[in-house]
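In: I'll drop the sequence and a predicted model, then ask my questions.
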Amino acid sequence: MDKSPGNPLPTEEAVTADWLIEQLGAELIRQEPVLGREFVPLGRMSQIARGPGGSTKVFFGVRCECRTAVVVSFEAAVEKTRDQVLQVLSESGRKLFEQRSAFVRMPCSAHDRLRADNFKRS
Ligand SMILES: [Zn+2]
């Protein structure tokens, strides 16, 4: 595969939070053109833990029609290259949809409680 020899920067291959959010966002829309757009990228929440065992974690917000919102996340190990992340991108997208489904399947009365709990904690 062409590794873009014109660009010698090794960081070119590194998985950054911005890149990960962009790829996942595009994948979600590819899989479900309507539902995929309901995922709001939360770039400012991204967490990057460097070193062995570290990971790049990114978050998306999804909202129920009762206006309760929940955050879903995806994590890639720092050792992973962009190619490796892209290879499992469709599966990663499906997992995000599963996280969303688990949330929207809950009755809105449960969402209400969730929201009340959030207020108490903050
Ligand atoms: Zn709801």
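Out: Thanks, I have it.

In: how many neighbours does A110 have?
Out: Counted with other C-beta atoms under 10 Å, the neighbours of A110 add up to 13. Every residue, glycine included, has its C-beta placed from N, CA and C.

In: any idea of the mean pLDDT in stretch 94-104?
Out: Taken as a whole, stretch 94-104 has an average pLDDT of 96.

In: report the buried residues of that stretch.
Out: Along stretch 94-104, these residues count as buried under the neighbour rule (16 or more other C-beta atoms under 10 Å): 96-97, 99-100, 103-104.

In: what residues does this protein put near the ion?
Out: Residues of the chain found near the ion (C-beta under 5 Å from the ion) are 64, 66, 68, 108, 111.

In: mind giving me the packing neighbours of the host helix or strand of S90?
Out: Using DSSP states H and E, S90 maps to helix 89-105. Helices and strands touching helix 89-105, by 3 or more C-beta pairs under 8 Å, 6 or more residues apart in numbering; DSSP states H and E, are helix 17-31, strand 55-63, strand 69-77.

In: turn those into CSV, columns for mean neighbour count.
Out: Listed next are those as CSV, based on neighbours: other C-beta atoms under 10 Å:
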stretch, mean neighbour count
helix 17-31, 18
strand 55-63, 20
strand 69-77, 17
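
In: of these, which is nearest L86?
Out: Nearest of the helices and strands packed on helix 89-105 to L86, taken as C-beta to C-beta: helix 17-31 at 6.9 Å.

In: show me what stretch 17-34 is in contact with.
Out: For stretch 17-34, contacts defined as C-beta atoms under 8 Å, 6 or more residues apart in numbering pick out 35-37, 39, 41, 43, 46-48, 56-58, 60, 74, 76, 82, 85-86, 89-90, 92-94, 96-97.

In: could you list the low-pLDDT ranges of this protein?
Out: For the chain, residues meeting the criterion pLDDT under 70 lie at 1-12, 118-122.

In: give me the number of residues near R50?
Out: R50, neighbours per other C-beta under 10 Å, totals 9.

In: got the contact list for it?
Out: R50 is in contact with V78, counting by C-beta under 8 Å, 6+ apart.
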